[in-house]
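K.L.:
Pasted the sequence and its predicted model underneath.
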Amino acid sequence: MVRIYVPVNFSEYSVNAIDYAMTLAQKLDVDITLLHCKHAYNEDTENVLNDQQVKENFQELLQKYKNQFSENLKVHTRHVNGYPEDVLVDLSEKEEPDVIVMGTRSKGETIKELLGSVTSDVIKNAKVPVLAVPAESSIDLNRISHILFVTDFGDQDYRSIHKLIKLVTPFETLIHAVHFATSDPDRWDKKRLEEMRLYCAETYRKYKMEFEFITGDDFIASLDDYIGRNSIDLIAMTRRKRNMISKIFHPSITRKILFHTDVPLLVFHE
């Protein structure tokens, strides 16, 4: 069974994350927990919700999705004290859900909003995979046809691929494992890409996977071009721990992707 936690502040984009999780539940054996944090700020009403409002909103949500419930789907609601970025990180350590599914706004947020993003904080600090679902995203029940897995060939990427395949097994999916380079890849990178291809071909024989490089001076521009040409439905990657110097001179690729694309982003951790 796949355990999914979905933080909800009842805004449109957080409810969209529930839609995404509920759709996945029709293909997977899933246990979903809808989680509202008492200090969560509801941007639609510009008010902090009281206990009764939260209870009523949960009841409305459960009514909305009741036709999607099945014997294999378990849905729970929880109302927890604390800020979501703290609560979710704490629960990821203590309860270890398989994935946290979070709604985000669409690309183009202001710098102030980006710096204060709860989703970005959770991705940075959680101990379990986090799936960020932009407000404009939707999912086709019958397919997640193309997944872009961004790799730098690290050992953790092999473990991330294993977790990714576990989540998408019920879907007819082609996984594009790609490495970004500003110029033509050198012999060492080509060797590591070939090693990954051979490992996956032997380990995941039933799955369709392609391995290639994305090149260009601008990572996001090259990424957008690849997404468009290959009709990418989901981006997956491993978030790396970096030292202070690298943080100063090389802004987080995860953060760049999170705020510059409307494609859902699944982040694994080292």
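P.N.:
Sure, I can see it.
K.L.:
low-confidence ranges in this protein?
P.N.:
By pLDDT under 70, the weakly predicted segments of the chain are 40-48, 68-72, 106-116, 138-143, 241-256, 258-260.
K.L.:
Helices along that one, start to end?
P.N.:
12-25, 51-65, 84-94, 111-115, 118-125, 155-168, 187-203, 219-230, 244-249, 253-260 (DSSP state H).
K.L.:
JSON lines for the ones you listed, including mean neighbour count?
P.N.:
C-beta coordinates here come from the backbone N, C-alpha and C atoms, glycine included. Formatted as JSON lines, those follow (neighbours: other C-beta atoms under 10 Å):
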{"stretch": "helix 12-25", "mean neighbour count": "21"}
{"stretch": "helix 51-65", "mean neighbour count": "14"}
{"stretch": "helix 84-94", "mean neighbour count": "19"}
{"stretch": "helix 111-115", "mean neighbour count": "10"}
{"stretch": "helix 118-125", "mean neighbour count": "20"}
{"stretch": "helix 155-168", "mean neighbour count": "18"}
{"stretch": "helix 187-203", "mean neighbour count": "13"}
{"stretch": "helix 219-230", "mean neighbour count": "15"}
{"stretch": "helix 244-249", "mean neighbour count": "9"}
{"stretch": "helix 253-260", "mean neighbour count": "18"}
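K.L.:
Out of the ones you listed, which is closest to residue 238?
P.N.:
Nearest to residue 238, of all the helices of the chain, is helix 155-168, at 4.6 Å by C-beta to C-beta.
K.L.:
now the closest one against helix 12-25, angle please.
P.N.:
80 degrees (axes from the mean of the first three to the mean of the last three C-alpha atoms, to 10 degrees).
K.L.:
who does helix 155-168 touch, helix- and strand-wise?
P.N.:
On a contact count with 3 or more C-beta pairs under 8 Å, 6 or more residues apart in numbering; DSSP states H and E, helix 155-168 meets strand 146-150, strand 174-181, helix 187-203, strand 234-239, strand 265-269.
K.L.:
and the angle from it to strand 146-150?
P.N.:
Orientation check (the same axes, to 10 degrees): helix 155-168 against strand 146-150 gives 160 degrees.
K.L.:
List of residues touching helix 155-168?
P.N.:
For helix 155-168, contacts defined as C-beta atoms under 8 Å, 6 or more residues apart in numbering pick out 2, 28, 98-99, 129, 144, 147, 149, 151, 175, 177, 196, 199-200, 204, 207, 236-238, 266, 268, 270.
K.L.:
Let's see that with 7 Å instead.
P.N.:
Contact with helix 155-168 is made by 129, 144, 147, 149, 151, 199-200, 204, 207, 236, 238, 268, 270, as judged by C-beta atoms under 7 Å, 6 or more residues apart in numbering.
K.L.:
Out of the residues you listed, which end up buried?
P.N.:
Taking 16 or more other C-beta atoms under 10 Å as the criterion, what is buried in those is 129, 144, 147, 149, 151, 200, 207, 236, 238, 268.
K.L.:
tell me which of the residues you listed is nearest to residue 217?
P.N.:
Nearest to residue 217 among the buried ones among the contacts of helix 155-168 is residue 151, at 20.1 Å by C-beta to C-beta.
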